[in-house]
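no sequence for this one, just the structure:
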Ligand code: ME8
């Protein structure tokens, strides 16, 4: 089945930082794992370029919003390459393919009665571009829950999306799709807020101009969040046929909708878990399968924020690449990050310790030990195993099942744990069977061959499962095990026991140097 995974589209009023790198890396690991499994994957990311924030940042710099957007979108695209991220498309909300189609959607919402002209009185969080009702603003002490800055009083005539009309359908939807929002703690928050009752939301603005004009009433621009959410379908070519809502709605990539995963940070969950589904209901489009709202990286116990200026920024990240390598960065992001309900503290020492204890001592050391012994005792050739793997084929197959299940659940920690567990078992097996002692007794040659053949084959299989996390290093391992041609095969074949035929050259490899 074709699978689609998306990141949020990032605001261009800011430079890329650890948060953007994190979400995109999580999606990249998943996309690579799915491709490895032979699935047809579409991995989407991009930039969110309209709205008052971008307009203001541009004015402060004395450039046009489009110029600022162009500059920072190019920077985001450059960064994707530096990070080796394997996205299939990059959508920018100022592209005609997006703008034209957003207008068509909004027109359709207007025609179907889901959008109407009304007057808003309430509170506005400028940093987040989010409106709050009086009740909610009071609860927040009239301060932005994100930046802490005071909310502004707002009265405006605007077009509204009739969100309230979707209360019941949303409740039913959540009841019949219990795992729709992950993790569960986040889903409970959404359900709690849903129970308070939905109010209609303004979807246009008149106090600035940097946005997509509202079709038929161009003194209004479409609210940046409505504009932005639609990226998930405009990138798939929805309505490329000039907004005709008939026949094959997706001109190009319709097979990828609905998305398997929208991966986002927890601060934008409401838009994705409630507003987006309601918009899709109003347009009679299928729902995405899952929204995964991860938590935040924090820095040395403190919240990272633009105002505090303590975001782990690009130059810092590039410092980690230089010292530990890109794959080590990916590993830390994927296995130590805030993927579930708790925030994760980014600490240099913890990074270093994780690198040493997992990548140097396990992922690097185990293949190095095994290939070194094969070099020493079998002239660097895969020995023949008279025991046909012993208990190892079953262990590997259980690990492969656990890995695949974890990937389905976007549980990257468990997905990494499966091959790590195998490598640790190989290490323990070597310590227990002591092949270096067995080698001293010529009458035990067959036993030595079995031990090392079983280790080498298990290392190969663990390496396959580690590829989505450590693509460059595992390519090195693959080459050392003479498996270049394997890269093109699906995991179902590569995870089978016994691909390393006796006599296959196995070169010694050193993957992660101690730092
Ligand atoms: O919200 N830890 O864009 P944005 C982990 N344009 N992830 C973090 C993070 C942190 N400390 N800080 C940010 C927007 N992120 C909108 C989205 S989608 C239709 C529109 C990540 O540039 C996380 O994925 O502010 C978060 O949701 C995203 O960056 C926000 O990026």
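Perfect, I can see it now. What you are looking at is a predicted structure, and each value in this text was computed from that prediction instead of being measured. Numbers count the residues shown, from 1 in each chain.

For the stretch 1-150 of the chain, which residue gets nearest to the ligand?
Closest approach between the stretch 1-150 of the chain and the ligand, counting by Cβ to the nearest ligand atom: residue 19, at 2.4 Å. For the C-beta atoms, the positions are set from N, CA and C on the backbone; glycine is no exception.

count of residues packed around that residue?
20 (other Cβ atoms under 10 Å).

do the same with residue 188
12.

Could you shift the numbering so residue one becomes 837, and keep it that way?
Will do, 837 is the new start, and the previous item becomes residue 1024.

Surely it is in a helix?
Yes. Residue 1024: assigned to a helix according to DSSP: H, G, I helix; E, B strand; the rest coil.

residues in contact with it?
If a contact means Cβ atoms under 8 Å, 6 or more residues apart in numbering, then residue 1024 has no contacts.

pLDDT score assigned to it?
If you check residue 1024, the pLDDT there is 97.

Okay, it and residue 1014: tell me how far apart.
As judged by Cβ to Cβ, to the nearest Å, residue 1024 and residue 1014 stand 11 Å apart.

re earlier: tell me the helix or strand right after the host helix or strand of the residue of the stretch 837-986 of the chain closest to the ligand.
Per DSSP states H and E: residue 855 is located in helix 854-872. Remark: after helix 854-872, the chain's next helix or strand is strand 877-884, criterion DSSP H and E.

Up against the ligand, what does this protein have?
Applying Cβ under 6 Å from any ligand atom, we find that the chain lies next to the ligand at 844-847, 855-856, 858-859, 884, 1064-1065, 1067, 1100-1101, 1103-1104, 1132-1133, 1140.

Sort out for me which of those are in strands.
Counting by DSSP state E, the residues of the chain next to the ligand place 844-847, 884, 1100-1101, 1133 in strands.

Turn those into TSV, columns for neighbour count.
Shown next, in TSV, are these (neighbours: other Cβ atoms under 10 Å):
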residue	neighbour count
844	25
845	25
846	24
847	21
884	26
1100	20
1101	18
1133	23
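
Which secondary structure element is home to the residue lying closest to residue 991 once chain neighbours are set aside?
Using Cβ to Cβ, 6 or more residues apart in numbering and skipping residues adjacent in sequence, the residue nearest residue 991 is residue 957, 4.9 Å away. Element membership of residue 957 [criterion: DSSP H and E] is strand 951-961.

Sheet partners, orientation included, of that strand?
Here strand 951-961 has these sheet partners by DSSP bridges: strand 966-968 (antiparallel), strand 988-997 (antiparallel).

any idea of the mean pLDDT for it?
Averaged over strand 951-961, pLDDT sits at 89.

Would you agree residue 939 is in contact with residue 1053?
No. Judged on Cβ atoms under 8 Å, residue 939 makes no contact with residue 1053 at a distance of 11.5 Å.

so residue 941 touches residue 1067, yeah?
No. Using Cβ under 8 Å, residue 941 is not in contact with residue 1067, being 11.4 Å away.

pretty sure residue 926 belongs to a strand, no?
Yes. Remark: residue 926 belongs to a strand, assigned using three-state DSSP.

ok, it - contacts?
Counting by Cβ under 8 Å, 6+ apart, residue 926 makes contact with 880-883, 912-913, 916.

could I get those residues as a markdown table with neighbour count and pLDDT?
As requested, the contacts of residue 926 are exported to a markdown table (neighbours: other Cβ atoms under 10 Å; pLDDT from 0 to 100):
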| residue | neighbour count | pLDDT |
| --- | --- | --- |
| 880 | 24 | 97 |
| 881 | 27 | 98 |
| 882 | 26 | 98 |
| 883 | 27 | 98 |
| 912 | 22 | 98 |
| 913 | 16 | 98 |
| 916 | 19 | 97 |
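
Take these and write them to CSV, including distance to residue 1302.
Output for these, formatted as CSV (distance: Cβ to Cβ, whole Å):
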residue, distance to residue 1302
880, 25
881, 23
882, 29
883, 31
912, 28
913, 27
916, 22
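
In a helix, residue 1178, correct?
No. Residue 1178: not assigned to a helix; according to three-state DSSP it is coil.

Any idea how far apart the tips of stretch 1241-1253 sit?
Counting by Cα to Cα, to the nearest Å, you get 12 Å between the two ends of stretch 1241-1253.

how far away is the residue lying farthest from the centre of the chain from residue 1266?
Centroid-distance maximum for the chain: residue 1279 at 53.2 Å, with Cα atoms, centre = their mean. For residue 1279, the distance to residue 1266 equals 20 Å [Cβ to Cβ].

again with residue 1301
Distance from residue 1301 to residue 1266, by Cβ to Cβ: 20 Å.

Pick out whichever of those two has more residues nearby.
residue 1301 (29 against 18).

what's the average pLDDT for stretch 1110-1121?
Rounded mean pLDDT across stretch 1110-1121 is 96.

Start and end of it, how far apart?
14 Å.

For the ligand, give me its nearest residue in the stretch 1087-1236 of the chain.
For the stretch 1087-1236 of the chain, the residue closest to the ligand is residue 1101, as judged by Cβ to the nearest ligand atom, at 2.7 Å.

From what I see, that residue and residue 1133 are in contact.
No. Applying Cβ under 8 Å as the test, residue 1101 and residue 1133 come out as separate, 9.6 Å apart.

Now list whatever residues contact both of those two.
With contacts defined as Cβ under 8 Å, 6+ apart, the residues adjacent to both residue 1101 and residue 1133 are residue 855.

which intervals of the stretch 937-1086 of the chain have sub-threshold pLDDT?
The stretch 937-1086 of the chain contains residues with pLDDT under 70 at 1075-1086.

Would you pull up the residue in it closest to the ligand?
For the stretch 937-1086 of the chain, Cβ to the nearest ligand atom, closest residue to the ligand: residue 1064, 3.8 Å.

Next up, the contacts around the nearest residue to that residue once chain neighbours are set aside.
Of all residues not flanking residue 1064 in the chain, residue 884 sits nearest, at 4.6 Å (Cβ to Cβ, 6+ apart). Residues in contact with residue 884 (Cβ under 8 Å, 6+ apart) are 844-848, 929, 1060, 1063-1064, 1067.

how about 7 Å then?
Counting by Cβ atoms under 7 Å, 6 or more residues apart in numbering, residue 884 touches 845-847, 929, 1060, 1064.

just to revisit the earlier point, correct me if wrong: the residue of the stretch 937-1086 of the chain closest to the ligand contacts residue 929.
Yes. Proximity of residue 1064 to residue 929 meets the contact threshold set by Cβ atoms under 7 Å, at 6.2 Å.

what is in contact with these two at once?
Shared contacts of residue 1064 and residue 929 (Cβ under 7 Å, 6+ apart): 845, 884.

Give the other helices and strands that the helix or strand where residue 1209 lies contacts.
Following DSSP H and E, the helix or strand that holds residue 1209 is helix 1201-1214. Here helix 1201-1214 touches helix 1248-1269, helix 1281-1302, going by 3 or more Cβ pairs under 7 Å, 6 or more residues apart in numbering; DSSP states H and E.

hmm, who's touching stretch 1065-1075?
Contact with stretch 1065-1075 is made by 842, 845, 880, 882, 925, 927, 929, 933-934, 937-938, 940-941, 1085-1090, 1092-1093, 1095, 1098, 1107, 1111-1112, 1115, as judged by Cβ under 7 Å, 6+ apart.

List buried residues within those.
Restricting the contacts of stretch 1065-1075 to buried positions leaves 842, 845, 880, 882, 927, 929, 933-934, 937-938, 940-941, 1085-1087, 1089, 1092-1093, 1095, 1098, 1107, 1111-1112, 1115, with burial counted as 16 or more other Cβ atoms under 10 Å.

before we move on, back to that, how about a markdown table for the ones in strands among the residues of the chain next to the ligand, with pLDDT and distance to residue 897 added?
Converted to a markdown table, these look like this (pLDDT from 0 to 100; distance: Cβ to Cβ, whole Å):
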| residue | pLDDT | distance to residue 897 |
| --- | --- | --- |
| 844 | 98 | 23 |
| 845 | 98 | 21 |
| 846 | 97 | 18 |
| 847 | 96 | 15 |
| 884 | 98 | 18 |
| 1100 | 98 | 28 |
| 1101 | 98 | 26 |
| 1133 | 96 | 27 |
